[in-house]
Every structure is written in C-alpha cells, then in structure tokens.
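Enquirer: return a 3D structure for these sequence lines:
(chains A and B)
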Protein chains: 2
Amino acid sequence: MTTASIEPIDPSDASAITNWDLQSDVVVVGLGCAGACATIDAAEHGADVVVLEAAATGGGTSAMSGGLIYLGGGTPIQEACGFTDTPEAMAAFLEAACGPVADVGKVAAYCERSIEHFDWLVGHGVPFEPRFCAEPDREPHDDSGLVFSGGESSWPFTEIAPPAPRGHHPRFPDAAGGFLMQRLSDAVAATGATVVTDAVAMQLIVDDGAVVGIAADVDGRRKHVRARSGVVLAAGGFTFNHDMVRRHCPQALRPNVPIGTQFDDGRAIRMGQGVGAATVGMEHIEVGLPIGPPHSIVRGILVNGQGERFINEDTYAGRLGRTSLLDQDGHMYFVHSDKTFAVNIVGYKAKWVADAPAELEAEIGFPAGSLTATLDRYNRFATNGADPDFHKAPEWVVPLIPPYGVVDMTVEHSFYATFTLGGLRTNVDGAVLTPAGTAVPGLYAAGRTTAGIGGAGYVSGISLGDGTFFGRRAGTSAATDRRV
Amino acid sequence: MTTASIEPIDPSDASAITNWDLQSDVVVVGLGCAGACATIDAAEHGADVVVLEAAATGGGTSAMSGGLIYLGGGTPIQEACGFTDTPEAMAAFLEAACGPVADVGKVAAYCERSIEHFDWLVGHGVPFEPRFCAEPDREPHDDSGLVFSGGESSWPFTEIAPPAPRGHHPRFPDAAGGFLMQRLSDAVAATGATVVTDAVAMQLIVDDGAVVGIAADVDGRRKHVRARSGVVLAAGGFTFNHDMVRRHCPQALRPNVPIGTQFDDGRAIRMGQGVGAATVGMEHIEVGLPIGPPHSIVRGILVNGQGERFINEDTYAGRLGRTSLLDQDGHMYFVHSDKTFAVNIVGYKAKWVADAPAELEAEIGFPAGSLTATLDRYNRFATNGADPDFHKAPEWVVPLIPPYGVVDMTVEHSFYATFTLGGLRTNVDGAVLTPAGTAVPGLYAAGRTTAGIGGAGYVSGISLGDGTFFGRRAGTSAATDRRV
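Expert: Prediction:
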C-alpha cells in the first residue's frame, strides 16, 4: 500500500514547456486491457500513438486476472453452446446486477454492440473455444470459452431476465488474463505505436483549458509528451492508494486480498480531477468471496453472526462477498452436513463440528436457539426441495443432517478479494466529463480509472469487458475529436 | 504457429558494425521470469543492463502461468504448514521425476540453494502465504502458498523420497503468474535497467569467437546493441515454431493446447546454435492432462485403447499426459461409477454410460472382455482398498459399481496442454556450452531457451523455479565473468 495523497493533481500550463520530448496524436496512459484497446483503435483511426506504462512491463491488473470478458446478446460462442441471448436480456441483467446506479446509456451501448465487440476481439487475436463450462463464477479450469459469471441463473436475476452465460474465456487453460494481454499486446505492436515503459504519468499539461499533453517521469527523468489530438487515461483504479481507500470506501480495508498492482494508486483519477473532472461511485467496491468450486458446495447454508440465513447460497460470489462485508459486518459462517461435505477444493475446513446445533451456538457465540431455529426451518422446507425464504435453486436444496461442520468465513478469517469500482465520470464515447456534464477538451479515459458502467454492483467479466469496449471508444474519440 | 526456419542462425561479425545504437555491460534477451531475474542479479552485481523484449509488454509465458515456483528443502512456508523437507529429499525426487536424463549438477545446486532462493524472491517483492492447499497439481484457487505439484505423495515417488509439497504459490488468488511478473518487473524497474520493448533479437554479434552484442529489430528498425560483458538469452522455448516442433518432438503436434506466446519461436536457441552451442533434450515435452479438480475424481480408473489400466490414477497430471500421449498413443478413457461421480469441475462428461462393461467394450471399441476383466480385477482388490497393480493410494481405491460412465480422454477429444522442454546446453552458472563442454565466451542463457534441469520429465513449478534460479546465475555470470 502506498500512502500517496488524495488530493486532485493540478495540471501544468503548456506555456511553461520549452521542449516536447515526444510528440504524437494520442497519448495513452497505461497498458492494461483498456489502454491496449484504446491504442489499437486510435491507431486504426490513423493516429500516431505513444503509450506510457508505469511498470517495466505492461499488462497491469488485466494480466493478473482470470481473463473473463462479459459479452452477450447472442455471440457465436453462446450460439454454438446452445444458449439463446438478446441485447435486451443482457441489459436488463446488467442494470440489475450492476445497479442501482449503473450508467444505463453505457449499459445499452455495451449490450447492443457486444457481438461486434466479440468479433473485434477475435479479429485482433483473441480466440474463444465454443465449449460451455458448468462451474460458474470463475474462469474454467481448461480452455472452455463460456461460463456463468454473474449469478444470471440464480435468484433474484432469474426473475429479471432470461438467464444466459456471458463470461467469455479466451482459449487458454484456467486464468487467461496473461494470455489475453499477450494477444492484445501483439495487436498493439502491430499498429506501430510507441510503448514507453517505466514511464509514470505525473501531471496533465493544459493550454487554454484543453489537455494537450502530459508530463511523465521516464526512468526517473521528467519528460513532456505532447498529444496533438488527445490523452487517454487508462491507468487503473485506486485500490493500492491506502489514503484514497480510507477516504472513499473504508470497508475495503478489512478484506485481506486487494486485487491490483502498486500502480493502482489513483493518480490518473486525481490528474483528471485536477482539470475539473467529476468522479462517480468512489464508494463502491467489489468483494469476491468464492465458496466453490465445486459449486455443489452450496448445498450447505450461510448464516450471519446471529445464526440466521441472509442470502441464497447459490448466488454470485461477488454478491456473497459484498452482502457479507457491507450488510453483515463481515460475519459469515458456512454450515454443512459434515458427513456429506465431500469435497471443497478451496481448502475450507470446518472450525467447529457438533451433532447438536445448540452446542455450535455456544461455541461460536450465536444467540441461544438461533442456529437450531434456522436449521429447523431450512430442513422443513428442504424436505420438499424448497427455499421460500431465499430462493436457492431446488437442485441445491437438501435437508442438512448432523453432524454439522461450520467454516469460519468472517472477513478476518477467510478469503475476501477486493478492488475499487469508482473513478472518473465519462460519457459513452470515453470523454471525461465535468460535474456540469461538459467534456474536458482533449481528455478521455477508460477502464478502472473510470467508473465504467457501474454501479454499486459487479459481475465477473465486466472489468475486462467494460475496459476493452470503452477503451476502444476512448481511443477512437481521442484520435478523431479534434482531427482537422 | 509460425513457420520459422529450423536452422542455426549465423552471427554477424563486430568488424562490420560501424555504430552501436545502445551499449551496456549486459544485454538480456526476453523479459519473462528468467530474463527478469537475470536482469536483477546482473544489476545488483554492478552491471548496466539493457533488456530486449520482443512483445509490446514483458511477462512472456511466465505471466500466463499459474505462478507455482518449485522450492523446498525446508522453506519457511513448508515449515509453517507443518511439512518437513530436506535438500536431499528434494533432489532425490527431482532426479526421479525429471529423469532419467536430468542434469544432476543443476538439480543439486537448485536444491541446496532453494531456501536462499525463496528468501531472495521474498526480498524482491514476491510474498507467500503460509497456508497449505490440499488439492494437488495446480495453483490453489485462493492465495494459499503451498501445494503438492509433482505427485510427490503418490506412487512411485512415495518409494523414492519422503514426500513434501514444494509448489510455492505467490500470495495472489488462483493463477498468480501475472502477479509474479508484476512483482519481478517492479524489481527490474528498481534496478534502473533499460527495458526496450518491441525489440526482436535477430542475430548475435561476435568478435574473435566471443559474443559482444546483438542485433535486434526495434519497432522494425535494425539496432546494434553492444554487451561489454555478456549476453543472456532468456527468450523462451520453441513451442510456437511449428517446423522445429515437427523436427524435434512431433508428438507435440497432436495435443490441442500449446502453452506459450508467439515469441516462443526457437530463435534464441537457433542463435545459440549459430555460435556453436549444443542443445539438450529437444525431443522432450511436457503434456499436462488434468483430470481434477477435485482430486477425488481419481476414485475412477483410467484405461487405454485395449481397455486396460496402465497407471495409478492419482499420479501427477503431467505424468498422466505424457504416459497417455507417448506410451499409449493418446488413447485414454476415464471409467467411473456413474451414480457416485459426484463432481468434476473440469466439465468432463461421460460419453458412454452402461450397466454392463461388455456393452461399453462394443460401443467404444475395446477388445471383447477387456474392460470386464479390468473391472473384475480392480474391484476384487478394491474391496480391501488395495491396488497391487498400479499402487493408487488406498484412500482413492473403492469398488466401482454399475452403471458405468466413460469419459473420452483421447488426445483428439480432451485437453492436453504441451510445451517444449529442450534447449541450449548450459552449465550450472548459466554459461552456454558447446558440444565439447567448453563455454561460448560472452554467452549465457536461462529459462526455456535452455534445457534447464530436465530431463524427460516435469513437475509443476519447475519452469518458474528453474527459470528464476538459473536466470539469476546467468545474470550474475554475465555481469562478472569478464569484468576487469
């Protein structure tokens, strides 16, 4: 964790620049998925592009990810796997899952153009295998191309839109983020764009209110890079800026697995703020709390610190984590029938085992009678495969019999993965906006530097999906908006 | 797949170079794990280092990997998880698992210095969590730090050395290769080394028999880079050079998942050959064939095209794959009790289901009576939890009862992941050797450009373990061998 400042970073004025060290049409800051796609589309629209990457190598958090890309509306992979989908169903799901404050204009554009974006990815070297993997919420262990990645097939989303799997997994075994970034990097290389590594963007450069360049420390020396047409900020979020997290989303300090790189330090967001940009959703975080694979583990039940159920266990891992951390103060316990608790590859182990729920209540510190009542009620309906309280799918509803095992899934003792969701406000074409809704001339942004389509919610595949899709738009806009 | 040539690449002579575009003490080719560690240790030994990376971003195949690093002999993580290990046990295991032609001198150095290497990695920003994950053969789903990754606890290795888990998984959920390379890249950046991307090494430059530099195409323009002290080739293997694969290890053309990047094109190996270097083990390949997670799936049995067992099902996934492809012509079938085949998250499904083995024999094309006899014999001993034929661990040995399901795991219908294991011959300090065993002055190599410690065999974690360990040595040697 760095302890960088949390304040906006003032720009410097172009009148003070006596020498431009580098000049191009478009300068892209950051070579994760958003920066790579911005570079490719800017270059393919005729722009000369310079990319500034803070690390010694590009890839960013994208290269560390599972590689899932949220695409739908009837992609060739969905069709080949026998799933029907429409842009409307996809949009209805995303507005609900990423809501209640999702950017509906961006959601609409994202869903309507999703098949085109799929084709673009394939055309730029990212292959997908037409094979469905039935284990949800994470990248397939093999190179299967399609998976449920947001709880589409579990309650409440089953009541909101016809479920379809939309997590598209590039043709690489298991976590495919590194593979994805290799392929996008190859596509970047093919454009002839200049990539400068070890280049930390420090300060935007403005001329009469418009962004015309950026100052960066390259190998420790200050360089001034002119952007004749536009600057695209695609430098990640602020997960690793401890002070910004404490100010905007302090709950993110409790989980033990922050996801990102040291360069997710919020600097790009603060540079945007320094030229008048608004931010959106800085309080929102993703909290991933996997309880599978295998998904069949959800036959057990989850209870809070009062020994009561509060969610359908078969929901998306991100919804589980957020609900536990934000609504239940990070108190969550997984209760299963110890004898039939066959396999949990995650490595969770029961911390407490007993035949009598009352014994567990005393040991764990639940109110007397609470877990007993919870199990009585759950088992009564489970005999008929029903879960009227939280709507877990019937296939996972079976009576739980003693001895019971309980896994400690409180935030201090389990695996909660977090990253920030908020960032600069942008329009559907990637232009950075002021609080009044006007564009900051010459400034564009994409990926986690922006709030993207979210929203308080999240589904797996949206970071890469939103980053690549709106990265392309930001690159195109930066290349063309001011072209004479 | 590229169709690059398979011939050695002749060097050019320094006398023809009129202008050096870049000069440094050490030039490292490739910024995967081996190149990063070579750079760090060369720089920490006082050398000025230039890194040439062919892609637009570094990371290479390392960043696409699961991130397991094979370390042992009693590391702090092994000790914290309650496992005893010694350098001797580690060496005995590796010589057997990577044998029969493993480089015993390298194995010895690797095992004796493994704890020091662990400390070095931690000191250079690669953290490990002291938590053991019981699911073997792959990176843990969470950020657990230790896992069995080579079949140490299954036959035949249980008879060769006291088993200890040695797969060390950096503190990042699931596939941690991207995270590892981010951390190593940060360490590279801290050294002040110059990283040049989009720089494809084309030809070594020699002066009186010694390597003194390298010609590279940088953004498509030929540049000459002088190495006052040495050149380290760490540019990957030849998995993506179709012609080299066909010549040296044609069996690798059958599996459908080659692991690597387009820059694993064998060029570094061929440049080494052009200055007289020997190669080792070019015929050897890794063939990963996961049948879990969950590992409990190994309660079923594997049979060949004759309906006969040929291996203990609980062995390492790489041993399964190699045995199937190389010894059984890629014919492998997984037979399980359909009713108790609870969960296979890999997504395998039975292609054939029947109560009578004879029916399966006819449908699949096994010899009449073969599977019937195999199941009779297996079940007879399994009643007592024994497997005298192939020594599967008793915990996985249970009688298989009808109905039977059979998964098609033939190479054309299943998931076989491959990469090449052979490469330049090097000594224990990373110097590239001629067939006579003498060093090529000024030339060093590490990672998949070399044969490393192998060997016909492989265990998960050796690519990153060998690459980082001998990468460091190659960097140190390149920095110091010719220093005046």
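Enquirer: for the stretch 351-484 of chain A, what spans make up the strands?
Expert: Assignment of strands within the stretch 351-484 of chain A using DSSP state E, counting those that start in this stretch yields the ranges A:352-354, A:404-408, A:417-420, A:423-424, A:431-433, A:439-445.
Enquirer: now for the ones you listed, which one comes closest to chain B?
Expert: strand A:417-420 (5.7 Å; Cβ to the nearest Cβ). In this view, the C-beta of every residue, glycine as well, is placed from N, C-alpha and C.
Enquirer: CA atoms only: put that closest one into CSV for me.
Expert: Output in CSV follows, covering the C-alpha atoms of strand A:417-420 (Å, rounded to 0.1, in the frame of the first residue of the first chain):
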residue,chain,number,x,y,z
ALA,A,417,-10.8,-10.2,-2.6
THR,A,418,-11.5,-6.5,-3.2
PHE,A,419,-10.9,-3.7,-5.7
THR,A,420,-12.3,-0.3,-6.2
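Enquirer: helices or strands up against it?
Expert: Using 3 or more Cβ pairs under 8 Å, 6 or more residues apart in numbering or on different chains; DSSP states H and E as the contact criterion, the neighbours of strand A:417-420 among helices and strands are strand A:257-258, strand A:285-288.
Enquirer: same question for it, mean pLDDT?
Expert: Model confidence over strand A:417-420, given as mean pLDDT, is 95.
Enquirer: who's in contact with the closest residue to chain B within the stretch 151-300 of chain A?
Expert: Residue of the stretch 151-300 of chain A nearest chain B, by Cβ to the nearest Cβ: A:Ala175 (3.0 Å). When contacts are counted by Cβ atoms under 8 Å, 6 or more residues apart in numbering or on different chains, A:Ala175 is found next to A:65-67, A:139, B:66, B:174-175, B:177-178.
Enquirer: now with 7 Å?
Expert: With contact taken as Cβ atoms under 7 Å, 6 or more residues apart in numbering or on different chains, A:Ala175 is in contact with A:65-67, A:139, B:174-175.
Enquirer: same check, this time on A:Val353
Expert: A:338, A:403-405.
Enquirer: try it again at 10 Å.
Expert: Taking Cβ atoms under 10 Å, 6 or more residues apart in numbering or on different chains as the criterion, A:Val353 is in contact with A:338, A:359-360, A:363, A:402-406.
Enquirer: re the thing from before, what is the nearest of the contacts of A:Ala175 to A:Ser229?
Expert: The shortest gap between A:Ser229 and any of those belongs to A:Ser65, at 30.0 Å (Cβ to Cβ).
Enquirer: count of neighbours near that closest one?
Expert: The local packing of A:Ser65 (other Cβ atoms under 10 Å in any protein chain shown) involves 28 other residues.
Enquirer: A:Thr84 now?
Expert: Counted with other Cβ under 10 Å, A:Thr84 comes out at 10.
Enquirer: now the one 3 residues further on
Expert: Using other Cβ under 10 Å, A:Pro87 has 18 other residues around it.
Enquirer: contacting residues for it?
Expert: For A:Pro87, the set of contacting residues under the criterion of Cβ under 10 Å, 6+ apart consists of A:72-74, A:107-108, A:110-115.
Enquirer: what does A:Asp466 give?
Expert: By Cβ under 10 Å, 6+ apart, the contact set of A:Asp466 is A:33-34, A:69-70, A:94, A:98, A:103, A:106-107, A:110, A:446-448, A:450-454.
Enquirer: re the thing from before, which one of the contacts of A:Ala175 is nearest B:Ile214?
Expert: Distances from B:Ile214 to these, taken by Cβ to Cβ, are shortest for B:Ala175, at 32.1 Å.
Enquirer: so what's the backbone phi/psi at that closest one?
Expert: phi -60, psi 120 (degrees, to the nearest 10).
Enquirer: do the same with A:Asp329
Expert: Phi and psi for A:Asp329, reported as degrees, to the nearest 10, are phi 60, psi 30.
Enquirer: how about A:Ile69?
Expert: Here the main-chain torsion angles of A:Ile69 (degrees, to the nearest 10) amount to phi -120, psi 120.
Enquirer: and it, how far from chain B?
Expert: A:Ile69 sits 16 Å away from chain B, going by Cβ to the nearest Cβ, to the nearest Å.
Enquirer: ok, that residue to A:Glu139 distance?
Expert: A:Ile69 sits 10 Å away from A:Glu139, taking Cβ to Cβ, to the nearest Å as the criterion.
Enquirer: ok, those two, which is more surrounded?
Expert: Taking A:Ile69 and A:Glu139 together and counting by other Cβ under 10 Å, A:Ile69 has the greater number of neighbours (31 against 28).
Enquirer: mind checking how far that one is from A:Cys98?
Expert: A:Ile69 is 15 Å from A:Cys98, where distance means Cβ to Cβ.
Enquirer: repeat that for A:Asp376.
Expert: Remark: distance between A:Asp376 and A:Cys98 (Cβ to Cβ) = 37 Å.
Enquirer: can you tell me which residues contact A:Ser149?
Expert: Contacts for A:Ser149 were tallied using Cβ under 10 Å, 6+ apart; they are A:66, A:68-70, A:136-139, A:165-169, A:316-318, A:459-462, A:465.
Enquirer: in helices, which of these appear?
Expert: Of the positions in the contacts of A:Ser149, A:317-318, A:462, A:465 sit in helices, assigned by DSSP state H.
Enquirer: in ChimeraX, how would I select the buried members of the contacts of A:Asp466?
Expert: Here the buried members of the contacts of A:Asp466 are turned into a ChimeraX selection, burial being counted by 16 or more other Cβ atoms under 10 Å in any protein chain shown:
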select /A:33,34,69,70,94,98,103,106,107,110,446,447,448,450,451,452,453,454
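Enquirer: next step: the contacts of A:Asp466 restricted to helices.
Expert: When these are checked against helices (DSSP H), the matches are A:33-34, A:94, A:106-107, A:110.
Enquirer: how about the strands in the stretch 1-150 of chain A?
Expert: A:12-13, A:22-29, A:49-52, A:69-70, A:146-147.
Enquirer: around A:Ser12, count how many other residues there are.
Expert: Using other Cβ under 10 Å: A:Ser12 sits among 18 other residues.
Enquirer: need the pLDDT of it.
Expert: Here, the pLDDT recorded for A:Ser12 equals 96.
Enquirer: that one against A:Ile205, yeah?
Expert: Yes: the criterion here is Cβ atoms under 10 Å, and A:Ser12 meets it with A:Ile205 at 5.5 Å.
Enquirer: mind listing what A:Arg131 touches?
Expert: The neighbourhood of A:Arg131, defined by Cβ under 10 Å, 6+ apart, consists of A:77, A:80-81, A:140, A:142-147, A:169, A:171, B:347, B:415.
Enquirer: swap the cut-off to 7 Å and go again
Expert: For A:Arg131, the contacting residues are A:81, A:144-145, taking Cβ under 7 Å, 6+ apart as the criterion.
Enquirer: ok, of those residues, which one's closest to A:Val432?
Expert: Ranked by distance to A:Val432 (Cβ to Cβ), the contacts of A:Arg131 are led by A:Gly145 at 34.1 Å.
Enquirer: so how many other residues sit close to the closest one?
Expert: A:Gly145 is surrounded by 26 other residues when neighbours are defined as other Cβ under 10 Å.
Enquirer: that one and A:Glu129, how far apart?
Expert: Following Cβ to Cβ, the distance that separates A:Gly145 from A:Glu129 is 4 Å.
Enquirer: name the residues contacting each of these two.
Expert: Taking Cβ under 7 Å, 6+ apart as the criterion, A:Gly145 and A:Glu129 both touch A:Arg171.
Enquirer: between the contacts of A:Pro87, which sits nearest A:His295?
Expert: Within the contacts of A:Pro87, distances to A:His295 taken as Cβ to Cβ reach their minimum at A:Gly72, with 20.6 Å.
Enquirer: wait, the closest one sits on A:Thr86?
Expert: No: applying Cβ atoms under 7 Å as the test, A:Gly72 and A:Thr86 come out as separate, 8.4 Å apart.
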